[in-house]
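Undergrad: Okay, sequence plus prediction incoming.
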Amino acid sequence: MRTALLLCLIMPPFAQPAQTIQVHGHRGARGLRPENTLPAFEYAIAAGVDALELDMAVTKDNVIVISHDPLLHPPVCSGPKPEIAIHQLTLRELREWDCGKMQNPNFPRQQAVPGARMPTLDEVFALAPKGEFLFNIETKIFAEHPEFTPSPEDFVKLVLNEIRKHHLESRVVLQSFDFRTLIAMKKAAPEIKLSALYEGSPKDFTAIAKESGAQIISPDFHLVAAEQVRAAHAAGLEVLPWTPNTPADWDRLIAAGVDGIITDYPDELLKHLGRGGSPARH
Ligand code: G3P
Ligand code: CA
């Protein structure tokens, strides 16, 4: 009773609890290490991220691998051919490509890790015991290019097999711009949390949730406004924008009330939020 009275005296009326911002390492930590590689994920985990963000493709022999693009090409991966589709190669063939050799010129602080191969989802999920972070995993699937992937249902089946194998049902969020895979996952495993990615012209977040069945709306960060976030929260949704990389943009989004931020510099964002240290830079 005395504690309650004390709290009433020191807290202003209607005080809000402090806002916790979930930090997602985009493609691991693309600003610092080659995107979507094990070194990038390990860097992000050591920095103390709340979630690893990553993208998935499927090999010819139906192995889920981690890649943003359905095509292999420099500077992300270099190998025997200038460009080829991942879905045309077996995992063994894919491993001839080096996805850590070249620094991405768009990220001057990215440190190359020559010899890094494209990881499988199985290998990334094997990092789970290193912490309590989430896996925010994106199906890269394209309605206009069915040749790049299996069907949405088969893609989801392969992803779900890996989730079940590692018992990660409560630590995975499935995200996509293509809502066919979100709808397929909801049908196959309604316990998996879903995140609808969105870009383009401004659109009501609650309408996106209705279309996709997702609990999280993950828009291009330029589309975030406080009013939209308030409406999303009122509908029980979370808002998780991508991919702001500057303190000014982080602050604007935090002021707008977002629940988390996906960034290429997760260590910097953590520091900005006054959380954790940063792994050593070489
Ligand atoms: O998943 C959030 C963000 O990664 C979406 O954009 O193109 O980097 O996959 P992209
Ligand atoms: Ca992504």
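TA: Now that the structure is in, tell me what you want to look at. Residues are numbered from 1 along each chain as shown. Ligands and ions are numbered 1, 2, ... in the order given.
Undergrad: who touches the closest residue to ligand 2 within the chain in this structure?
TA: Across the chain, the shortest distance to ligand 2 (C-beta to the ion) belongs to E138, at 4.1 Å. C-beta coordinates here come from the backbone N, C-alpha and C atoms, glycine included. Contacts for E138 (C-beta atoms under 8 Å, 6 or more residues apart in numbering) come out as E53, L54, D55, M56, L174, Q175, S176, L197.
Undergrad: Three-state assignment for it, please.
TA: strand (DSSP: H, G, I helix; E, B strand; the rest coil).
Undergrad: Name the residues of the protein found near ligand 1, please.
TA: With C-beta under 6 Å from any ligand atom as the criterion, the chain meets ligand 1 at residues H26, E53, D55, H68, E138, Q175, L197, S218, W242, T243, I262.
Undergrad: can you tell me which helix or strand the last one belongs to?
TA: Spelled out, that is I262. Under the criterion of DSSP states H and E, I262 resides in strand 260-263.
Undergrad: Tell me how many other residues surround the nearest residue to F148 once chain neighbours are set aside.
TA: Nearest non-adjacent residue to F148, counting by C-beta to C-beta, 6 or more residues apart in numbering: P70, 3.9 Å away. Counted with other C-beta atoms under 10 Å, the neighbours of P70 add up to 19.
Undergrad: need the contact list for P70.
TA: A57, A85, I86, H87, K140, F142, H145, F148, T149.
Undergrad: quick check, the first one in a helix?
TA: No: the assignment for A57 (three-state DSSP) gives strand, which keeps it out of a helix.
Undergrad: hang on, V258 packs against Q228?
TA: No: contact between V258 and Q228 fails when scored by C-beta atoms under 8 Å: they sit 10.1 Å apart.
Undergrad: Compare those two (neighbour count), which wins?
TA: Between V258 and Q228, V258 has the larger neighbour count (other C-beta under 10 Å), namely 26 against 20.
Undergrad: so what's the more buried one closest to, chain neighbours aside?
TA: With sequence-adjacent residues excluded and distances taken as C-beta to C-beta, 6+ apart, V258 is closest to V239, at 4.8 Å.
Undergrad: related to what we said a few turns ago, out of the residues of the chain next to ligand 1, the closest to ligand 1 would be?
TA: W242 (3.8 Å; C-beta to the nearest ligand atom).
Undergrad: What is the burial count for that closest one?
TA: Residue crowding around W242 was assessed by other C-beta under 10 Å; the count is 21.
Undergrad: for R92, same thing?
TA: Close neighbours of R92, defined as other C-beta under 10 Å, add up to 11.
Undergrad: Spell out the residue ranges of the strands in the stretch 151-282 of the chain.
TA: With strands called from DSSP state E, counting those that start in this stretch, the stretch 151-282 of the chain shows them at 172-176, 193-198, 216-219, 238-239, 260-263.
Undergrad: what does the stretch 1-150 of the chain give?
TA: Counting by DSSP E, counting those that start in this stretch, the strands of the stretch 1-150 of the chain are 22-25, 51-58, 64-66, 71-72, 84-85, 134-139.
Undergrad: Turn those strands into a markdown table, including mean pLDDT.
TA: Output for the strands of the stretch 1-150 of the chain, formatted as a markdown table (pLDDT from 0 to 100):
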| stretch | mean pLDDT |
| --- | --- |
| strand 22-25 | 98 |
| strand 51-58 | 99 |
| strand 64-66 | 99 |
| strand 71-72 | 98 |
| strand 84-85 | 98 |
| strand 134-139 | 99 |
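Undergrad: interface residues of the stretch 101-250 of the chain facing ligand 2?
TA: By C-beta under 5 Å from the ion, the residues of the stretch 101-250 of the chain that approach ligand 2 are E138.
Undergrad: rewinding a little: tell me the most packed of the residues of the chain next to ligand 1, by neighbour count.
TA: E53 leads the residues of the chain next to ligand 1 on contacts (other C-beta under 10 Å) with 31 neighbours.
Undergrad: Any figure for the gap between it and F135?
TA: 9 Å (C-beta to C-beta, to the nearest Å).
Undergrad: show me what contacts the closest residue to C99 other than its chain neighbours?
TA: For C99, ignoring the flanking residues on the chain, the nearest one in space by C-beta to C-beta, 6+ apart is C77 at 4.1 Å. With contact taken as C-beta under 8 Å, 6+ apart, C77 is in contact with S67, W97, D98, C99, M118.
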